[in-house]
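[1] My questions concern the predicted model and sequence given below.
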Amino acid sequence: MLDPETKDAITRAVTDGFDTQIAFTKDLMRFASIRGHEHGVQEFVFDALLQRGYATERLEMERAAIENHVGGGKFSVDHSDAPIVIGTFDPLETLGKSLILQSHTDVVPTGPAEMWRFDPFDPQIDGDWLYGRGGADMKAGHAAMIFAMDALKDAGLRPTARVEIQSVVEEESTGNGALMTFLDGHTADAVLIPEPEDEMLVRANVGTLWFEVELRGTPVHVREMGEGANAIDAAYRVIASLRELEARWNEDRHKRLYFRDLAHPINLNVGKIEGGDWGSSVPAWCRIQCRIAIFPGIRAQDAASEIENHIAEFAKTDGYLADTPPKITFNGFFAEGYVQEPGSEAEAALERAHHAATGVPLESFTTLGYLDCRVYRLYNDIPSLCYGPISENIHGYDERVSVSSLRRITIAMALFIADWCGTTRI
Ligand code: ZN
């Protein structure tokens with residue numbers, strides 16, 4: 001537990017460094033680091049960690065090792081080959097508990113840029129909001145973890161346990177960046193990931209699977225349409241059938257403590273559809289890209305088999321698909337969900353830090369998207385704290401993060417690091 005003077009010194013240091021932190025956050029946001037294009041921002045982070053005196057390394061994705069792991073996301077041609085960047089602080093003497101701070105630098109596509117108030121990769125502040133793609137999710141948190149550590153130093157303090165800063169990619173598509181750090185042997189006594197969670201702690205989180213359904217049609221001239229088979233129409237029938245699977249999976253929520261109060265925790269998204277060649281031929285092909293969630297405790301492989309069986313059974317009932325069954329390919333996330341049960345010492349330390357920084361108790365909640373915390377919770381088997389700033393519109397237009405919230409959670413993170421790892425005077 002921290003004494004009042006240490007708390008004050010850390011809080012002051014975060015506040016004094018906050019303008020520089022915002023400038024650094026904007027620097028990160030100017031990289032249009034969508035999937036496969038994270039090399040530049042990762043090098044920028046590497047340099048920032050090197051300059052600060054961390055032992056820095058780049059870690060490559062090892063496809064075979066990832067594919068052999070039960071939680072490995074499936075590779076496709078779109079998989080990033082950008083390195084993971086890690087900076088490690090090692091104390092002179094270990095007295096406290098070690099910590100991983102982790103953030104991802106990959107961001108999701110912007111959609112039509114003209115729908116944005118500002119250029120999505122030219123960050124702008126208006127009032128309390130910092131706008132831009134990937135600012136909230138999660139370059140603001142990324143900068144916060146680096147500046148929380150800077151604040152300790154500026155306050156004349158040095159952690160008395162190992163702290164590892166991990167900057168990963170592939171969080172938005174496979175989770176393989178986080179998994180690679182585990183496969184390479186990186187671990188600690190706890191992890192903190194500052195995703196935009198509205199200043200709350202994630203208690204439970206769904207798993208996620210990505211899959212493609214490919215359909216073949218029978219192309220004919222439209223004048224003989226009745227003799228052909230339309231692959232795009234067939235895709236609509238498959239989607240309708242998948243909605244039934246989604247509804248069935250949602251019924252299970254009543255049996256699950258952290259999900260029973262949610263109306264629709266399992267979401268199926270048809271995220272992309274492509275097919276056909278032009279307007280006057282019955283389309284010969286169609287592909288849909290899907291994402292579906294699963295409850296914690298359900299293995300990705302079991303869910304995948306259920307999806308395959310469901311589509312196969314549906315195809316048998318369909319006049320055309322019975323002879324031309326859809327092809328299913330898992331091509332991204334293959335991730336289980338997780339629950340961070342209450343009662344860990346790490347959570348108690350975060351509660352103290354959050355209360356000191358915000359004046360209110362730490363609340364916890366259930367989230368319905370993928371989180372890298374699952375790697376650390378399920379495979380490292382360590383307390384995995386997902387906690388970060390207030391945001392709006394992540395993955396949408398005008399994504400934005402609250403600047404005042406960002407200041408609060410940076411203070412909370414710095415206090416948490418000091419509490420968990422212990423400190424000594426420089
Ligand atoms: Zn994120």
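    Perfect, I can see it now.

[2] shouldn't L101 be in contact with L152?
    No: taking contacts as CB atoms under 8 Å, L101 lies outside contact range of L152: 11.9 Å. Every C-beta, even on glycine, is put in place using the N, C-alpha and C of the backbone.

[3] Overlap of the contact sets of those two?
    Residues touching both L101 and L152 (CB atoms under 8 Å, 6 or more residues apart in numbering): I417.

[4] Could you pull up phi and psi at Y54?
    phi -70, psi 150 (degrees, to the nearest 10).

[5] shouldn't it be in contact with V85?
    No: look at Y54 against V85 with CB under 8 Å: they stay out of range, at 10.0 Å.

[6] who's more crowded, these two?
    V85 (28 against 21; other CB atoms under 10 Å).

[7] Report the beta-bridge partner residues of that one.
    R58, S167 (DSSP bridges).

[8] same check, this time on S281
    Those that pair with S281 in a beta bridge, by DSSP bridges, are H221.

[9] V213 too?
    For V213, the beta-bridge partners under DSSP bridges are I288, I328.

[10] and A148, how many neighbours does it have?
    29.

[11] Contacts (any at all) between the ion and the helix or strand that contains T366?
    Under the criterion of DSSP states H and E, T366 resides in strand 364-367. No: on the criterion CB under 5 Å from the ion, strand 364-367 is out of touch with the ion, staying 10.5 Å away.

[12] N269: how many residues sit nearby?
    Neighbour count for N269, taken as other CB under 10 Å: 12.

[13] Contacts only, for V403.
    V403 sits in contact with 22, 125, 128-130, where contact means CB under 8 Å, 6+ apart.

[14] Looking at it now. What's its pLDDT?
    Here the pLDDT value assigned to V403 is 98.

[15] With the one 3 residues further on instead?
    Per-residue confidence at L406 stands at 98 (pLDDT).

[16] Mind jotting down where the helices sit in the protein?
    4-16, 18-29, 39-51, 63-68, 140-154, 176-183, 231-251, 300-316, 345-358, 373-375, 403-421 (DSSP state H).

[17] Now the fourth one: average pLDDT?
    In this model, helix 63-68 has a mean pLDDT of 98.

[18] What of the longest one?
    What helix 231-251 shows for mean pLDDT is 98.

[19] so what does it touch, helix or strand wise?
    Judged by 3 or more CB pairs under 8 Å, 6 or more residues apart in numbering; DSSP states H and E, helix 231-251 is in contact with strand 207-216, strand 268-275, strand 285-294, helix 300-316.

[20] What are the buried residues along the shortest one?
    Think strand 268-275. 268, 270, 275 (16 or more other CB atoms under 10 Å).

[21] of these, closest to the ion?
    L268 (20.1 Å; CB to the ion).

[22] from what I can see that closest one touches E246, true?
    Yes: using CB under 8 Å, L268 makes contact with E246 at a distance of 4.2 Å.

[23] Name the residues contacting each of these two.
    By CB under 8 Å, 6+ apart, the residues touching both L268 and E246 are I292.

[24] re earlier: got the buried residues for the strand holding T366?
    Of the residues in strand 364-367, those buried (16+ other CB under 10 Å) are 364, 366-367.

[25] got those residues as TSV, with pLDDT columns?
    Shown next, in TSV, are the buried residues of strand 364-367 (pLDDT from 0 to 100):
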residue	pLDDT
S364	98
T366	98
T367	97
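
[26] Report the distance from stretch 216-231 to the chain centre.
    Offset of stretch 216-231 from its chain centre (CA atoms, centre = their mean, to the nearest Å): 42 Å.

[27] repeat for stretch 366-377
    7 Å.

[28] Check stretch 147-165 too.
    Centroid separation for stretch 147-165 versus its chain: 25 Å, with CA atoms, centre = their mean.

[29] give the contact list for T94.
    160-162.

[30] Now Y258. Nearest residue, chain neighbours left out?
    Leaving aside its sequence neighbours, Y258 sits nearest to A204 (CB to CB, 6 or more residues apart in numbering; 3.6 Å).

[31] Next, give phi and psi for the residue lying closest to N250 once chain neighbours are set aside.
    Counting by CB to CB, 6+ apart, N250 lies nearest to I266, which is 4.8 Å off, once chain neighbours are set aside. With angles defined as degrees, to the nearest 10, I266 sits at phi -100, psi 110.

[32] A190 is nearest to which of the helices of the chain?
    helix 345-358 (4.0 Å; CB to CB).

[33] Can you pull out the residues in contact with that closest one?
    With CB under 8 Å, 6+ apart as the criterion, helix 345-358 contacts 1-2, 7, 11, 97, 189-190, 192, 199, 201, 340, 360-362, 383, 385, 387, 408-409, 411-413, 415-416, 419-420.

[34] Equivalent analysis for stretch 299-307, please.
    Under the criterion CB under 8 Å, 6+ apart, residues 70-71, 207, 209, 211, 242, 245, 292, 294, 328, 330, 334-336 lie in contact with stretch 299-307.

[35] Report the buried members of these.
    71, 207, 209, 211, 242, 245, 292, 294, 328, 330, 334-336.

[36] May I ask which two of these are separated the most?
    Longest span within those, CB to CB: G71 and L242, 23.2 Å.

[37] Quick check: residues of the chain near the ion?
    Of all the residues in the chain, those lying near the ion are 137-138, 195, going by CB under 5 Å from the ion.

[38] could you redo the residues you listed as JSON lines and give each row pLDDT?
    Compiled in JSON lines, the residues of the chain next to the ion are given as follows (pLDDT from 0 to 100):
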{"residue": "D137", "pLDDT": "98"}
{"residue": "M138", "pLDDT": "98"}
{"residue": "E195", "pLDDT": "98"}
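
[39] Just among these, which is most surrounded?
    Counting by other CB under 10 Å, top hit in the residues of the chain next to the ion: M138 with 30 neighbours.

[40] Surely that one is in contact with E172?
    No: using CB under 8 Å, M138 makes no contact with E172, being 10.0 Å away.

[41] Mutual contacts of these two, please.
    With CB under 8 Å, 6+ apart, M138 and E172 have common neighbours H104.

[42] if we can go back for a sec, switch the helices and strands packed on helix 231-251 over to CSV; also include distance to A348.
    Converted to CSV, those look like this (distance: least, CB to CB, whole Å):
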stretch, distance to A348
strand 207-216, 27
strand 268-275, 36
strand 285-294, 29
helix 300-316, 31
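
[43] Ranking these by mean neighbour count, which comes first?
    Ranked by mean neighbour count, the helices and strands packed on helix 231-251 are led by strand 207-216 with a mean of 22 (mean count of other CB atoms under 10 Å).
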